[in-house]
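K.L.:
Here is the input, now give the coordinates:
(2 chains)
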Amino acid sequence: MARAATTADAFNAVAEPRRRQILDVLAGRELPVNDLVRMVGLAQPLVSKHLRVLREVGLVGVRDQGRQRMYSVNGRPLKPIHDWVKNYERSWSQRFDRLDVVLEELKQIKEENHGDGE
Amino acid sequence: MAMASSGTALVTLPTDTQILITREFDAPRHLVYKAWTTPELIKRWWAGDRGEVTIAEVDLRVGGRWRYVMTANDGFEVAFHGVYREIVPNERLVSTEVFEGIPDAEASAVVNTITLTETDGRTTLTSLAEHPSRGIRDMVINSGMEAGMQEAMDHLERVAASLR
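P.N.:
Predicted coordinates for the structure are as follows:
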């Protein structure tokens, strides 16, 4: 089956639970890879592999501080995911608003016919 | 941003292949079920603000088929169909859903599980869409993101509906 390229976007990057965990650990702070390895509880090569994917899509940035490389989160690439969910949510909210109107009518019809009860 | 409606659909992504929608209605669940499964009522809400439902066919029995067709405001037609797998009246509805506009549509069928729970005359509806793979979901999402902005919005609307 034809597949769109998935390695270079945020959707793919955050599809992997460990990468979401790394983003959670990095949220709001900068960490060197050693601390990250300890906190995530994965082997360093695996953490480095995930960091590479996250850096490729711009979700994680890195800067040198002395002999250490400090990693941090950049949330901007997550915006398309947020927008997608929001758009989907809006579409369903409109649909359900219509359903509310239908339900109000059904309730009234029922009250006219039976008063109350099942 | 805030919507002055009686309730907003809450959308979450529980797993990489699922989409969960939750919404509360100010009505007992047998009425929500009725509005959800009666063709002439479906026609009144299913298109939302996006167009007109032209066909709503419901053969409400296990193995029975359903098919909805909508003409969107800018003219294109959107059609879905599926088969009911499990029916517990007023409580639970499991059905497949196929978006007819894509190649190899049947292979991309979504399985939807609707549940209705009632508390004090109000009903909480959940709609869980299970996709055959994350790849199928990603493919659809990615193709939307690569398109132009307006086109992407239109596409996303179709995607959103197809993932129902």
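K.L.:
So for the most far-flung residue of chain B relative to its centre, what pLDDT did the model give?
P.N.:
Largest separation from the mean C-alpha position in chain B: B:Asp120, at 26.0 Å (C-alpha atoms, centre = their mean). Note for B:Asp120: predicted pLDDT of 92.
K.L.:
Same question for B:Thr15.
P.N.:
For B:Thr15, the model assigns a pLDDT of 85.
K.L.:
All the strands of chain A, residue numbers only.
P.N.:
All strands of chain A, identified by DSSP state E, fall at A:31-32, A:60-65, A:68-73.
K.L.:
which residues are contacting the shortest one?
P.N.:
Read it as strand A:31-32. With C-beta atoms under 8 Å, 6 or more residues apart in numbering or on different chains as the test, strand A:31-32 has contacts from A:25, A:39, A:65, A:68-72. Every residue, glycine included, has its C-beta placed from N, CA and C.
K.L.:
Can you tell me which of those residues has the most neighbours?
P.N.:
If you count neighbours using other C-beta atoms under 10 Å in any protein chain shown, the busiest of the contacts of strand A:31-32 is A:Tyr71, which has 23 neighbours.
K.L.:
Does that one touch A:Val60 like I think?
P.N.:
Yes: between A:Tyr71 and A:Val60 there is a contact at 5.6 Å, judged by C-beta atoms under 8 Å.
K.L.:
Between the two, which contacts overlap?
P.N.:
A:26, A:51.
K.L.:
tell me what the longest strand anywhere in chain B is packed against?
P.N.:
In chain B, assigned by DSSP E, the strand with the most residues is strand B:77-88. Packed against strand B:77-88, as judged by 3 or more C-beta pairs under 8 Å, 6 or more residues apart in numbering or on different chains; DSSP states H and E, are the following elements: strand B:51-58, strand B:65-72, strand B:92-99, helix B:149-162.
K.L.:
make it 6 Å
P.N.:
Contacts defined by 3 or more C-beta pairs under 6 Å, 6 or more residues apart in numbering or on different chains; DSSP states H and E place strand B:77-88 against strand B:65-72, strand B:92-99.
K.L.:
what residues does the last one touch?
P.N.:
Think strand B:92-99. Outside strand B:92-99, the residues that touch it by C-beta atoms under 6 Å, 6 or more residues apart in numbering or on different chains are B:80-86, B:105-106, B:109-115, B:162.
K.L.:
Buried subset of those, written for PyMOL?
P.N.:
The buried residues among the contacts of strand B:92-99 can be selected in PyMOL (16 or more other C-beta atoms under 10 Å in any protein chain shown) with this line:
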select buried, chain B and resi 80+81+82+83+84+109+110+111+112+113+114+115+162
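K.L.:
Would you mind listing what in chain A touches chain B?
P.N.:
Taking C-beta under 6 Å from any C-beta of the partner chain as the contact definition, chain A meets chain B at A:3-4, A:6, A:11, A:15, A:80, A:85, A:87-89, A:91-100, A:102-103, A:106-107.
K.L.:
Now, those residues that are in helices?
P.N.:
A:11, A:80, A:85, A:87-89, A:91-100, A:102-103, A:106-107 (DSSP state H).
K.L.:
Please tell me how far B:Leu93 sits from B:Thr37.
P.N.:
7 Å (C-beta to C-beta, to the nearest Å).
K.L.:
Ok, B:Ala72 next?
P.N.:
Applying C-beta to C-beta to B:Ala72 and B:Thr37 gives a distance of 23 Å.
K.L.:
When the two are compared, which one has more neighbours?
P.N.:
B:Thr37 (19 against 16).
K.L.:
What residues does the more buried one make contact with?
P.N.:
B:58, B:60.
K.L.:
Kindly recompute the last result at 8 Å.
P.N.:
Contacts of B:Thr37 by C-beta under 8 Å, 6+ apart are B:58, B:60, B:93.
K.L.:
count of residues packed around the closest residue in space to A:Val60 that isn't next to it in sequence?
P.N.:
In space, and not counting its chain neighbours, A:Val60 is closest to A:Leu54: 3.9 Å by C-beta to C-beta, 6 or more residues apart in numbering or on different chains. Other residues near A:Leu54 come to 26 when the count uses other C-beta under 10 Å.
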